[in-house]
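**Q** Starting from these lines, generate the structure:
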Amino acid sequence: MGGLVALVVLLVLAVGASLAVGANPVPPSAVWQGLLHPDRSEASLIVWTERMPRTAVGLLAGASFAVAGAVMQALTRNPLADPGLLGVNAGAGFAVTLGVGFFDLSGVSSYVWFAFLGAAIAAVLVYLIGSGGRRTASPVTLVLAGVALGAVLGGISTFVSLLDPDTFRAVRSWGLGSIARTGIDDTLTVAPFLIVGLAIAFLLSATLNTTALGDDLSASLGTSIVRTRVLGMVAVTLLAGGATALTGGIAFLGLMTPHIVRLIVGPDQRWILAYSAIAAAALVLVADVIGRLIARPSEIEVGILIALIGAPVLIALVRRRRVAEL
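**A** Purely as a prediction, here's the structure:
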């Protein structure tokens with residue numbers, strides 16, 4: 001419980017920094033005044049029109065990617081499962097690229113359905129390819145299938161983008177993983193889907209504990225394997241598809257965060273999901289603040305910084321035997 005309190009405190013500090021830090025710094029007192037009493041002052045306008053939507057996207061996307069990764073790892077009993085590594089983010093990105101390139105869509109609210117559809121199709125394809133028609137798929141074949149499908153979809157997306165300069169410009173910055181592009185209207189459009197996905201994931205958390213015991217033993221304990229997997233994939237589709245539509249995809253977040261959390265709280269999925277949601281949201285906001293500071297007055301996308309942080313962290317984690325224990 002002490003760890004959860006510490007994470008919540010860190011998240012509150014990260015939210016405060018996200019609202020205060022930027023090319024035009026706002027004193028904490030002005031941030032607080034602007035939040036409580038919105039007016040036409042410069043500080044209030046900066047907080048509500050620029051920083052608040054960005055912070056909301058960081059909170060939602062961070063929690064969504066991490067919980068989606070934790071659910072995928074539990075469902076597949078695969079420590080390498082992740083929306084990015086298993087091609088789900090690539091499927092969502094591919095569908096959005098097609099929507100922008102061939103249907104002239106613009107704005108998250110117009111192409112979010114493409115993201116959901118692409119994420120769902122990619123998840124199903126990876127499982128079918130990885131299982132080869134069998135009932136289950138090994139962790140290695142799932143990862144290979146996900147990497148292969150992600151590479152193919154990424155290559156086609158790049159090809160489509162290069163055919164049309166307008167599509168390339170629209171997709172280029174989006175694909176880097178940014179929380180700065182999305183306005184409050186688009187965020188409010190996607191937020192209900194992410195909240196529903198999070199709710200489904202947390203409702204499944206106790207059931208996910210039994211799936212770790214294997215299909216036969218889990219079924220003998222009264223768990224419906226098919227229902228759990230279907231609802232789990234619905235949650236992953238909503239979370240990964242919606243978060244990708246908002247940010248363009250943030251690599252390593254869904255893979256790294258549950259592993260770190262598991263080292264602290266153990267194998268109980270109820271705590272893993274809760275800790276992962278809070279920790280990832282805080283991590284995204286901290287990375288975003290760092291990106292604003294080190295390249296001021298410009299900035300570095302949060303997806304790039306998370307990748308830079310995630311790679312060495314994962315290298316350190318995989319050297320510990322405990323990381324493989326789900």
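**Q** buried ones in stretch 187-204?
**A** For stretch 187-204, the neighbour count (16 or more other C-beta atoms under 10 Å) marks 187, 189-191, 193-195, 197-198, 200-202, 204 as buried. For the C-beta atoms, the positions are set from N, CA and C on the backbone; glycine is no exception.
**Q** Narrow these to those in helices?
**A** Thr187, Thr189, Val190, Ala191, Phe193, Leu194, Ile195, Gly197, Leu198, Ile200, Ala201, Phe202 (DSSP state H).
**Q** Confirm for me that the last one is in contact with Leu273.
**A** Yes: look at Phe202 against Leu273 with C-beta atoms under 8 Å: they come within range, at 5.9 Å.
**Q** Common neighbours of these two, please.
**A** Contact criterion C-beta atoms under 8 Å, 6 or more residues apart in numbering; no residue bridges Phe202 and Leu273 by contacting each.
**Q** what's the pLDDT at the spatially most central residue of the chain?
**A** Centroid check for the chain by C-alpha atoms, centre = their mean gives Phe65 as the closest residue, at 2.0 Å. In this model, Phe65 is scored at 96, pLDDT.
**Q** and what of the one 3 residues further on?
**A** In the predicted model, Ala68 carries a pLDDT score of 95.
**Q** Ok, the one 4 residues further on next?
**A** Predicted confidence (pLDDT) at Met72: the value is 90.
**Q** again with Ala145
**A** 88.
**Q** Just confirm it contacts Gly132, I think it does.
**A** No: Ala145 is beyond contact range of Gly132, at 9.2 Å (criterion: C-beta under 8 Å).
**Q** before we move on, the earlier item: can you put the buried residues of stretch 187-204 in TSV and add pLDDT?
**A** Shown next, in TSV, are the buried residues of stretch 187-204 (pLDDT from 0 to 100):
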residue	pLDDT
Thr187	90
Thr189	90
Val190	93
Ala191	94
Phe193	95
Leu194	96
Ile195	96
Gly197	96
Leu198	97
Ile200	96
Ala201	96
Phe202	95
Leu204	93
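**Q** re the thing from before, between the ones in helices among the buried residues of stretch 187-204, which sits nearest Val230?
**A** Checking these against Val230 by C-beta to C-beta gives Ile200 as the nearest, at 10.4 Å.
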